[in-house]
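Student: Structure for this input, please:
(4 chains)
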There are 2 protein chains.
Amino acid sequence: MAGQLINYLKEKIELSKADEEKIISVATTKLLRRKQYLLQEGDIWKYYAFVSRGLLFRYSVDDKGVPHISQFVPENHWTGDIYSLLYKVPSIFNIEAIENSEIILIKYEDFQNLCAEISKLNDLVFSLLQRSFAVAQNRINTDISNTAEQRYYEFIEKNAFIVARIPQHMIASYLGISPETLTRIRKK
Amino acid sequence: MAGQLINYLKEKIELSKADEEKIISVATTKLLRRKQYLLQEGDIWKYYAFVSRGLLFRYSVDDKGVPHISQFVPENHWTGDIYSLLYKVPSIFNIEAIENSEIILIKYEDFQNLCAEISKLNDLVFSLLQRSFAVAQNRINTDISNTAEQRYYEFIEKNAFIVARIPQHMIASYLGISPETLTRIRKK
DNA sequence: CGATTCTTTGAAAACAGTCAATCTGTGTGG
DNA sequence: CCACACAGATTGACTGTTTTCAAAGAATCG
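Tutor: The predicted structure is shown next:
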């Protein structure tokens, strides 16, 4: 069940048995099959979500009905919609399973309580948040600075361990180009 | 000097006189004239930086020498390079003054000490970080979902209070299009 | 006011998107 | 085991948009 999350946390910080039990007591596990949703546009997001197995992707849909992928989320990574979570507004994102997946969910309030009680966990979340912000800043920069071709090669390099599990047209969407253009880039 | 920072903080959290003095004791003020740099590519960034007066912009330079603007920073906002700060690596960004500006600097370590001593300040920083991350996520999404024209109108709407202070070719760079294309968008 | 910087315009070239058809590989049911 | 259906990838022709380059006009700084 939540064992995978505990393993992940113990690689980063020390946890007492009591801490572990606190965490497990508020964690729930959700199984998703391929093409099922973790979050649908219009819903308000209320969790911290840790992917313990599988692969998800997050996307929004524009005026014309075209989907735009903003994130791929493999096992041992976090996902959700922090904007919807913080401001309690309906999400503009969908989060959907590419593979059959297992997600460990902790309600926002429960997670805040955990952080208040376990200061090491609080430090870890702070640190993850900082790094996520740094990564987002870098992504913004590469998106405006680099050509689609440069961004493609950067993507497959940085995500080598999941590239083979992602259909190519999804990578095209992530890069903001059409599937045909990605085919042509790859021909070289 | 650092009075503007204290005012800003007091709008968000309560501070004792002792807290104020602690903050002031580690803050330094830097004056920048138009076109001068707060950060230059290759340097390692080591501060928390609060703009108390003026307007700055942050950009990177690509292989071909073309600058790409990733952020405008008006008074009462924070700037820097969190990636360089966290990982202690040379920055790929330049931060430069558009107007004569005043910046209040606090060294990273000093700021961490302040946060450890003033828990309300720690909470504020956590909250700012969360919101900055949410904003970055949204920016990534609009960058890949919307046309340059949509992004332009969103930009001038959300940044109405500084648009008049920013040269148009800089907005074009921020949007990732050529100045000529922006002129043509505006003609409608 | 003089110099510099910024914006606008036009024309040509480069580039990415769209559409439709074809090809490839995978998995299913007969 | 084969045939078929389906999803994904590729290809070519065409269309539309953006960039580039050069030059002229407007605005701003010192």
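Student: Contact partners for the residue nearest to residue A:14 when sequence neighbours are not counted?
Tutor: In this structure, residue A:14 finds its nearest non-sequential neighbour in residue A:120, 6.4 Å apart by C-beta to C-beta, 6 or more residues apart in numbering or on different chains. From N, CA and C alone the C-beta is placed, and that goes for glycine too. By C-beta atoms under 8 Å, 6 or more residues apart in numbering or on different chains, the contact list for residue A:120 reads A:13-15.
Student: what's the model's confidence in stretch A:62-71, averaged?
Tutor: Average pLDDT, stretch A:62-71: 91.
Student: hmm, that stretch in reach of DNA strand D?
Tutor: No: counting by C-beta under 7 Å from any atom of the strand, DNA strand D is not contacted by stretch A:62-71; separation bottoms out at 11.9 Å.
Student: end to end, how far does that stretch reach?
Tutor: 16 Å (C-alpha to C-alpha, to the nearest Å).
Student: Any idea how many residues pack against the closest residue to chain B within chain A?
Tutor: The minimum distance from chain A to chain B, using C-beta to the nearest C-beta, falls at residue A:136 (3.7 Å). When counting by other C-beta atoms under 10 Å in any protein chain shown, one arrives at 20 neighbours for residue A:136.
Student: Double-check that it belongs to a strand.
Tutor: No: read with DSSP: H, G, I helix; E, B strand; the rest coil, residue A:136 is helix and lies in no strand.
Student: Might you enumerate the residues of chain A proximal to chain B?
Tutor: A:60, A:62, A:68-70, A:81-83, A:86-87, A:92-93, A:126, A:129-134, A:136-141, A:143-146, A:174, A:176 (C-beta under 8 Å from any C-beta of the partner chain).
Student: do that again at 6 Å, thanks
Tutor: A:60, A:62, A:68, A:70, A:82-83, A:86, A:129-130, A:132-134, A:136, A:139-141, A:143-145, A:176 (C-beta under 6 Å from any C-beta of the partner chain).
Student: and the spatially most central residue of chain A, what does it touch?
Tutor: Residue closest to the average C-alpha location in chain A (C-alpha atoms, centre = their mean): residue A:79, at 3.1 Å. Applying C-beta atoms under 6 Å, 6 or more residues apart in numbering or on different chains to residue A:79 gives the contacts A:49, A:73.
Student: One more pass at 8 Å, please.
Tutor: Residue A:79 neighbours (C-beta under 8 Å, 6+ apart): A:38, A:49, A:51, A:56, A:58, A:71, A:73, A:95.
Student: related to what we said a few turns ago, so for the residue of chain A closest to chain B, what's the pLDDT?
Tutor: In this model, residue A:136 carries a pLDDT of 96.
Student: related to what we said a few turns ago, show the buried residues in the residues of chain A next to chain B.
Tutor: Taking 16 or more other C-beta atoms under 10 Å in any protein chain shown as the criterion, what is buried in the residues of chain A next to chain B is A:60, A:62, A:68, A:70, A:82-83, A:129-130, A:132-134, A:136, A:139-141, A:143-145.
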